[in-house]
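Participant: can you look at this prediction? I've put the sequence above it.
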Amino acid sequence: MDDLIRRAAEDLAAAKRVTALTGAGISSESGIPPFRGKGGLWERFDPMEIAHIDALTRDPAKVWRVLVKEMKEIVDRAKPNNAHKGLAKLEKQNKLKTIITQNIDGLHQVAGNTDVIEFHGSFAWQRCMVCDKKYETRKVDVSEIPPRCECSGILRPDAVFFGEMIPTDAMRRSRQAATDCDLMLVVGTSAVVQPAAMMPVIAKNAGAKIVEINPERTPLTNEISDYLIMGKAGEVMNRIIEAMEKI
Ligand code: OAD
């Protein structure tokens, strides 16, 4: 591991344009459970029953009761951890340009990153399913489920459900950020959900180094990634930043 930390520090020091692709694992040290694996959300719930657009359309109250209310409580309390802060430092050092995140928790922005593409939308806002009016999630009154718009339409998270398209602008900008970088950090994603999992492939084909940080192997490991640093994102990022300071 020490060798890989040093290698990542040297690769980052040499890189000119870094893009990061992040997933649920980067927020797990902030107390937000991931989707897959042990303790993951999809161990407790069938995503097709609560996170598919058809489920939301069929029974929005159920989706709110089972998924959204709990998520709101968790996200409202969560704070950036050392991995988010490490990426913010890399932006300050003018290394990291763009983060493509599959997360909807907004923690990269709280940590201080300014160019964050929210590939799966955001939980910071709810929008009316009838008139599209947007409401800040933290101000939405959840004493009655599902909460409603002033037009009486039901509110839904401004996030991408299974079966929905990735917002066109997020898709276009992510492809660009993947094509333009010379190093991509892939942090805390199982890399099984498309099209997000294509971004490291696009970066690799454009000539970038791919560095993965994850306690587990993923489909990218040994195929697309140059190397995997096995460990928790917060701890690994701290050690990489420390090692960069010694170069
Ligand atoms: P997953 O839950 O699929 O994967 C989380 C990854 O984080 C796994 O590979 C874990 O090994 C890793 N992990 C766990 N703890 C970690 C830690 N402390 N540090 C670093 N890595 C850690 O989450 P995503 O890949 O983000 O989509 O899932 C992609 C999409 O699937 C989500 O955006 C969501 C979900 O269904 C939608 O809702 C549309």
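Facilitator: Okay, I see it. Numbering: from 1, shown residues only.

Participant: what about the residue lying closest to P167 once chain neighbours are set aside, neighbour count?
Facilitator: Nearest residue to P167 in three dimensions, chain neighbours excluded: G121, at 6.8 Å (C-beta to C-beta, 6 or more residues apart in numbering). C-beta here means a position set from N, CA and C on the backbone, and glycine is covered the same way. Neighbour count of G121, defined by other C-beta atoms under 10 Å: 19.

Participant: quick check: bridge partners of G121?
Facilitator: G121 has these beta-bridge partners by DSSP bridges: A159.

Participant: next, the contact list for it, please.
Facilitator: 104, 157-160, 167 (C-beta atoms under 8 Å, 6 or more residues apart in numbering).

Participant: just give me the closest of those to the ligand.
Facilitator: Nearest to the ligand among the contacts of G121: V160, at 4.9 Å, using C-beta to the nearest ligand atom.

Participant: need the phi and psi values for that closest one.
Facilitator: Torsion angles at V160 (phi, psi; degrees, to the nearest 10) stand at phi -90, psi 120.

Participant: surely L185 is within a helix?
Facilitator: No. Assessed with DSSP: H, G, I helix; E, B strand; the rest coil, L185 is strand; it does not lie in a helix.

Participant: what pLDDT does it get?
Facilitator: What the model reports as pLDDT for L185 is 99.

Participant: relative to the ligand, how far out is it?
Facilitator: Relative to the ligand, L185 is positioned 11 Å away (C-beta to the nearest ligand atom, to the nearest Å).

Participant: try T114
Facilitator: For T114 relative to the ligand (C-beta to the nearest ligand atom), the value is 21 Å.

Participant: tally of neighbours for that residue?
Facilitator: 11.

Participant: doesn't it lie inside a strand?
Facilitator: No. Counting by three-state DSSP, T114 falls outside a strand, being coil.
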